[in-house]
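Peer 1: structure here, sequence nowhere to be found:
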């Protein structure tokens, strides 16, 4: 199993551009876009799974509009509460310089979401309402070995993404005054991209503990960062914070993706995802359109690591996504 190169400090240094897969994150992902900052797409997505609840949120800057979403799932009852907001021209949203430095924050009347990079990871502060229920408190997330990818979308356009899953999370959140469990596992997707006008992707993400107690995290995708053979270059797995890179996978979507079983298969990978609910969105603002379905539920199956170890995946809570964006 080949070791990844350590992430450079910058993507572009003079006339040199660092392209490829890296261990760790890039401190200064200096991606630029033809047409200026209005053409950059940036987001900070985090999810936290505990024994009883799943919390996911993202702050998204699309140039002409900013987007915040947050939802909470009660894993026992399958109840889901959510909120979403759009801000023309990105007002109210500040995106950090990178995933390793600075603060990403959404601040609007009655709603404050903040992710601050700290030495060992991230400090999250949430104060908002999801379908009328108050979600308040903090989460401290401890980084492991991150994965980053610099991918050429075209000769003039680069995409940068920093992913990690299965991170330790110290959860101090309340939902409607009731405390969530203090121990959780977190996933991260921090992306800055000079994205193509039309972009489609499938995605899968989960974090759990295996039967032997090891922390397991998984990130899989298709159609967006594919190599010449059609395999996504960001497919990765983490065990106790240690990264391994996987090969390509195929997503088999059912006729009713919000309700029926998905299958994800590849070399040494055979997973079934069973939805227990879904978050969907269909935004049409003329120049920007987005249509996606993001079911949440459980993964099960098996996965063979590049080092040969076969992992049996217990019912692991996470999400899958089918997304088409014109932006």
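Peer 2: That came in fine, so what should we check first? The model shown is predicted, which means the values in this text are computed figures rather than measured ones.
Peer 1: now stretch 187-207: buried residues?
Peer 2: 187-196, 199, 201-207 (16 or more other C-beta atoms under 10 Å). Every C-beta, even on glycine, is put in place using the N, C-alpha and C of the backbone.
Peer 1: over to stretch 178-186?
Peer 2: 180, 184, 185, 186.
Peer 1: closest one to residue 171 out of those, please.
Peer 2: residue 184 (4.6 Å; C-beta to C-beta).
Peer 1: helices or strands up against the helix or strand hosting residue 280?
Peer 2: Assigned by DSSP states H and E, residue 280 falls within strand 269-284. Helices and strands touching strand 269-284, by 3 or more C-beta pairs under 8 Å, 6 or more residues apart in numbering; DSSP states H and E, are strand 65-74, strand 80-88, strand 262-266, strand 289-304, strand 310-326.
Peer 1: which of those strands sits closest to residue 159?
Peer 2: strand 310-326 (12.8 Å).
Peer 1: check which residues of the closest one are buried.
Peer 2: 311, 313, 316, 317, 318, 319, 320, 321, 322, 323, 325.
Peer 1: likewise for stretch 11-20?
Peer 2: Those would be 11, 12, 18, for stretch 11-20 by 16+ other C-beta under 10 Å.
Peer 1: you'd agree the last one is up against residue 11?
Peer 2: Yes - in terms of C-beta atoms under 8 Å, residue 18 counts as a neighbour of residue 11; the distance is 5.5 Å.
Peer 1: overlap of the contact sets of these two?
Peer 2: Residues touching both residue 18 and residue 11 by C-beta atoms under 8 Å, 6 or more residues apart in numbering: 26, 150.
Peer 1: ends of stretch 10-17, how far apart?
Peer 2: 9 Å (C-alpha to C-alpha, to the nearest Å).
Peer 1: same question for stretch 127-136, mean pLDDT?
Peer 2: Averaging pLDDT along stretch 127-136 gives 98.
Peer 1: what does it rub up against?
Peer 2: Applying C-beta under 8 Å, 6+ apart, the set of residues contacting stretch 127-136 is 55, 70-72, 81-83, 110-113, 126, 173-177.
Peer 1: let's go with 6 Å and repeat that
Peer 2: Residues from elsewhere that reach stretch 127-136 (C-beta atoms under 6 Å, 6 or more residues apart in numbering): 72, 81, 82, 83, 111, 112, 126, 174, 175, 176.
Peer 1: is it true that the fourth one touches residue 70?
Peer 2: Yes - if you go by C-beta atoms under 6 Å, residue 83 and residue 70 touch, sitting 5.5 Å apart.
Peer 1: low pLDDT regions in this structure?
Peer 2: 1-2, 285-287 (pLDDT under 70).
Peer 1: which residues does the spatially most central residue of it contact?
Peer 2: Central residue of the chain (C-alpha atoms, centre = their mean): residue 189, 3.3 Å from the mean position. Applying C-beta under 6 Å, 6+ apart to residue 189 gives the contacts 45, 163.
Peer 1: please, which helix or strand holds it?
Peer 2: strand 183-193.
Peer 1: the inter-axis angle of that strand versus strand 310-326?
Peer 2: If you take axes from the mean of the first three to the mean of the last three C-alpha atoms, to 10 degrees, strand 183-193 sits at 40 degrees to strand 310-326.
Peer 1: next SSE after strand 183-193?
Peer 2: Immediately after strand 183-193, counting by DSSP H and E, sits strand 198-209.
Peer 1: could you check the angle strand 289-304 makes with that following strand?
Peer 2: 40 degrees.
Peer 1: thought residue 292 was touching residue 323?
Peer 2: Yes - shown here, residue 292 and residue 323 form a contact pair, counting by C-beta under 6 Å, at 3.8 Å.
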